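Visitor: any chance you could fold what I've pasted below:
(one chain, ligands or ions: 1)
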Amino acid sequence: MSRRSRTLVWFRGKDLRIADHEPLIRAAADGEVIPVFVFDPYFFHPQRARKLPHRMQFLLESVNELSQNLASVGSKLVCLSGRSSKVIPEIVAAWNVSRVVAYRWVEPFGRVRDAGIARDLAVPFDLYEGETLHPPGHLRTGKGDPYSVFTPFSRAFRKEAAIPRPLPAPRDLGPVPRAALASAGEIPALAQLGIPVNPNIQQGGEAAGQKRLAEFIRGYLADYAHGRDQLGENATSRLSADIKFGTLSIRSVWWAVRELSTTKPTESAERFLTELIWRDFSYSSLWDRPELLQAPFRPAWANFPWRDDPEAWEAWVSGRTGYPVIDAAARQLTETGFMHGRARMITASFLCKHLLLDYRRGEAHFMRYLTDGDWAQNNAGWQWSAGCGCDAQPYFRVFNPVSQGQRFDPDGNYVRRWLPELSSLPARYIHNPWLAPPDILTLAGINLGDDYPEPIVDHAFARNRFLTVAKAHLNCPN
Ligand SMILES: Cc1cc2nc3c(=O)[nH]c(=O)nc-3n(C[C@H](O)[C@H](O)[C@H](O)COP(=O)(O)OP(=O)(O)OC[C@H]3O[C@@H](n4cnc5c(N)ncnc54)[C@H](O)[C@@H]3O)c2cc1C
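Guide: Okay, the predicted model is just below:
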């Protein structure tokens, strides 16, 4: 009589759901399933965890809900602590596991970890696709090279990518073996890691993600093509943390919108799907060029003469640059763990170009505070903004923080929301308070330089400084 297979389903923090979890669903069809989450000190040592407080909060809420969802279908999330490279081979041997399954990770450190574990295991370690819509490393130019420009990548994606339909959540998984139950530990509380709860962070978990997706489809999606750029309107999906932690699968987000656009494509639905393809582009770029997390894509940018200016850095981080749209973005980030996508572009450009500070410092700051902080996308966003990445913004395009504010926050609602000290300023001066006549400032209760800073750098001066330095360094003919 053949023994049923016993599969260890390893949840790894980017797949915190039971709906459309292919490794889980396929394993359940094969036999016994042991769902496992390992609290690896690489992320969960309190000193490390405190460096990503918002992501930790969202993640722990999501792991808790995953545990409840697995219990509701008769299983149990077995939580363990230790280096996963050690824990996984140990439990596979101790629990007589016949196979380990998980989702593949794109990040270089995840790939190194997985290669080591595969070597140490005496049983198969099967990695599923699903972190991205289309497996990274598959779309190639006519010459067989990885794409470095988005438009042809997107064209090839739309032609070649066959995106599987999402699978329904399993109904009954069956109990986990006694040996595994006996080893199960607790999910750490945020307080145990020394992180205070921030009530402004989005709620984690599969149910909250599904609700956000349904609400977006019923609401803001219809006007997404226009609304996505309006800073004051909150009209984007806000699904980035769900996608990052996999409380929603990327396939289910794609299909939820694709279905709507199949019979009668709308500009907004197509625009949204294009954003999801940008995400695949970032992942594919990192897959093919793992060095991107350390170095710029364009070699000419190596050793770029970034400045070191602690005061400018501190002003940017704390939202005291004197440019309202930049400062509003800084405060939105630290207070809520989110920053509007358009604001990310404007403020990243300001750090690199106006302040001439290394994009990698901004990248690390975003990774610290963004709930959706994601290595591939954040790195791509920063390299794009600095001008050194795949299909980047040309270096000589320097966003003017005043006109960007006037264009994407014309009424000043975004600024007013995050900078209450400017809330009484008329829209005409909300993006350049230093131009407001003294009586208007007095009426708005603002003592410039005291209640709110004067600009730390003049736009025209900063623009010229950057262009001069960049031209000289990149050896540009004009
Ligand atoms: C400097 C910089 C840093 C960034 N860092 C991150 C990050 O750490 N994590 C992250 O998820 N996104 C990052 N982005 C991309 C983008 O800003 C966010 O995904 C988006 O603002 C999240 O809000 P949303 O879910 O409401 O987006 P929506 O506009 O509703 O978009 C839907 C989804 O599409 C994807 N998407 C949207 N815009 C982009 C883009 N430009 N590139 C790649 N994918 C995109 C995201 O998964 C997003 O959730 C960064 C962009 C910049 C310029």
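
Visitor: shouldn't Leu80 be within a strand?
Guide: Yes. Under DSSP: H, G, I helix; E, B strand; the rest coil, Leu80 sits within a strand.

Visitor: and it, how many neighbours?
Guide: Other residues within reach of Leu80, judged by other Cβ atoms under 10 Å, total 18. No exception for glycine: its C-beta is placed from N, CA and C like everyone else's.

Visitor: contacts only, for it.
Guide: Going by Cβ atoms under 8 Å, 6 or more residues apart in numbering, Leu80 touches Val36, Phe37, Val38, Phe39, Val87, Ile91, Ser183, Ala184, Gly185.

Visitor: got a pLDDT number for it?
Guide: Leu80 carries a pLDDT value of 97.

Visitor: tell me which of the contacts of Leu80 fall in helices.
Guide: Using DSSP state H, Val87, Ile91, Ser183 are the members of the contacts of Leu80 that sit in helices.

Visitor: got the contact list for stretch 209-227?
Guide: 17, 19, 202, 233, 235-239, 242, 247-248, 252-253, 256-257, 260, 266-269, 271-272.

Visitor: how does it look with 7 Å?
Guide: 233, 235, 237-239, 242, 247-248, 253, 256-257, 267-269, 271-272 (Cβ atoms under 7 Å, 6 or more residues apart in numbering).

Visitor: show the buried residues in those.
Guide: Neighbour counting over the contacts of stretch 209-227 (16 or more other Cβ atoms under 10 Å) leaves 233, 235, 237-239, 242, 247-248, 253, 256-257, 268-269, 272 as the buried ones.

Visitor: would you map the strands across the stretch 101-250 of the chain?
Guide: Along the stretch 101-250 of the chain, counting by DSSP state E, counting those that start in this stretch, strands occupy 125-128.

Visitor: quick one on the thing from earlier: and of the ones in helices among the contacts of Leu80, the nearest to the ligand?
Guide: Within the ones in helices among the contacts of Leu80, proximity to the ligand (Cβ to the nearest ligand atom) peaks at Val87, which comes in at 27.9 Å.

Visitor: so what's Pro152 closest to, chain neighbours aside?
Guide: Thr141 (7.0 Å; Cβ to Cβ, 6 or more residues apart in numbering).

Visitor: now the chain, which segments are flagged as low pLDDT?
Guide: 1-3, 476-478 (pLDDT under 70).

Visitor: show me which residues of it are close to the ligand?
Guide: Applying Cβ under 6 Å from any ligand atom, we find that the chain lies next to the ligand at 228, 236-240, 243-244, 275-276, 278-279, 282, 341, 344-345, 348, 366, 370, 372-374, 377-378, 381-382, 385.

Visitor: what about 5 Å?
Guide: Residues of the chain lying near the ligand by Cβ under 5 Å from any ligand atom: 236-240, 243, 275, 278-279, 341, 344-345, 348, 370, 372-374, 377-378, 381-382.

Visitor: hmm, back to that, farthest pair in the contacts of stretch 209-227?
Guide: Across the contacts of stretch 209-227, the longest distance by Cβ to Cβ is 28.1 Å; it joins Thr247 and Glu267.

Visitor: next, the contact list for Glu267, please.
Guide: Counting by Cβ under 7 Å, 6+ apart, Glu267 has contacts Ala225.

Visitor: for Ser183, see how far away it is.
Guide: Separation of Glu267 from Ser183 (Cβ to Cβ, to the nearest Å): 53 Å.

Visitor: do the same with Ile88
Guide: 13 Å.

Visitor: among the two, which residue is more densely surrounded?
Guide: Comparing Ile88 with Ser183 by other Cβ under 10 Å, the one with more neighbours is Ile88, at 26 against 15.

Visitor: what comes up buried for the biggest strand by length in the chain?
Guide: Taking DSSP state E as the criterion, the chain has its longest strand at strand 31-39. By neighbour count, with 16+ other Cβ under 10 Å as the criterion, the buried positions of strand 31-39 are Glu32, Val33, Ile34, Pro35, Val36, Phe37, Val38, Phe39.
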